[in-house]
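> let's see this in three dimensions:
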Amino acid sequence: MRIAVAVASVLGLALFASPFLLGRTAAAAPAYTVAIGVSAGLLLIELGARRLDSRRLALLAALAALDAALRLALINGIGGFSPIFFLILAAGYVFGGSYGFLVGAFSLLVSALVTGGVGPWLPYQMFGAGWVGLAAAIPGRLLRRRSDLLGLAGLAVAGVVMGFAYGALLDVQTWTTGYQGGGALGWSPDLAPAVRLLHFARFYLVTSLAYDIFRAVGNALMVLILGAPVIAALVRLRARFAVEIVDCGR
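Sure, this is the predicted structure:
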């Protein structure tokens, strides 16, 4: 399963890296094909490996629906803050990286369909949110999914890091489509890869860093305030899902 997640991530990274390395952006149709195809493929692999049974699949659908409802209710959050990342972080922390990736990717897909937020940015959002759930599995594994202060602190750190990382990743699409041309911040296929990277760094610092602070701090606060009961509930569900009743006969 780690191989499947690694392949999915490599394909996603290729989408984000193409403006820097190749000097061109992915067209909308191929980008959608990659994002939705990767998510669907990973889902099918999980089902085929029996790591994702009907109960976990139902929970995945429920988490995606809850995130869509949260995004619809608070679509204009403070700065870059959005409540949808909390459930993605919690799912990845408790159920592991591949499940967290699926929750993140499908939460953004469903919420975009519900809120009318479908556009060329959506494939980038799906990968970005998927990696939020994937990153949350790291403290989950290291801290054994604890819901005490240590566990919450580890997950809050992941929320802060991925709050900034998500914003930077999404800025790649904004930068290449809305800031083409010269200057010290613009993207152009005629620039050398190192110069493109420098321009993007300046673009992010000037336009997005302050905005993304709200997302990073908001992620941490939601984890610290709401994380204990939610993580404890998900841990109980995980334990219940793992129980198998075997009839050995008499």
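> quick check, Val235 in a strand?
No: per DSSP: H, G, I helix; E, B strand; the rest coil, Val235 lies outside any strand segment and is helix.
> let me see the contact set for it.
The contact partners of Val235, by CB atoms under 8 Å, 6 or more residues apart in numbering, come to 94, 145, 147. Every residue, glycine included, has its C-beta placed from N, CA and C.
> please flag which of those residues sit within helices.
Among the contacts of Val235, DSSP state H puts Val94 in helices.
> center of this protein, which residue is that?
Ala129 (1.5 Å; CA atoms, centre = their mean).
> please enumerate the helices of the chain.
Counting by DSSP H, residue ranges of the helices within the chain are 2-21, 28-48, 54-73, 84-95, 97-115, 122-142, 149-178, 193-207, 209-242.
> helices or strands up against the first one?
Think helix 2-21. Counting contacts by 3 or more CB pairs under 8 Å, 6 or more residues apart in numbering; DSSP states H and E, helix 2-21 packs against helix 28-48, helix 97-115, helix 122-142, helix 149-178, helix 193-207.
> wait, isn't Ala35 in contact with Gly128?
No: contact between Ala35 and Gly128 fails when scored by CB atoms under 8 Å: they sit 10.2 Å apart.
> distance of Asp53 from Leu59?
Per CB to CB, to the nearest Å, Asp53 is found 10 Å from Leu59.
> low-confidence ranges in the chain?
For the chain, the stretches flagged by pLDDT under 70 are 1, 50, 74-77, 182, 243-250.
> ok, Arg238 - contacts?
Shown in contact with Arg238 (CB under 8 Å, 6+ apart): 94-95, 145.
> for the helices of the chain, which one ends up most surrounded?
Most buried of the helices of the chain, by mean neighbour count (mean count of other CB atoms under 10 Å): helix 84-95, with a mean of 28.
> what separation do you get for the nearest residue to Met162 once chain neighbours are set aside and Asp212?
Take Met162 and drop its neighbours on the chain: the residue closest to it by CB to CB, 6 or more residues apart in numbering is Val132, 4.6 Å away. Using CB to CB, Val132 is found at 13 Å from Asp212.
> residues touching Ala26, list them.
Taking CB under 8 Å, 6+ apart, we find Ala26 in contact with 15, 18, 34, 123.
> got it, and Phe106?
Applying CB under 8 Å, 6+ apart, we find Phe106 in contact with 39, 60, 64.
> how much space separates it from Leu42?
Using CB to CB, Phe106 is found at 10 Å from Leu42.
> again with Asp190
Remark: distance between Asp190 and Leu42 (CB to CB) = 37 Å.
> same thing with Gly186?
Note on Gly186: its distance to Leu42, by CB to CB, is 35 Å.
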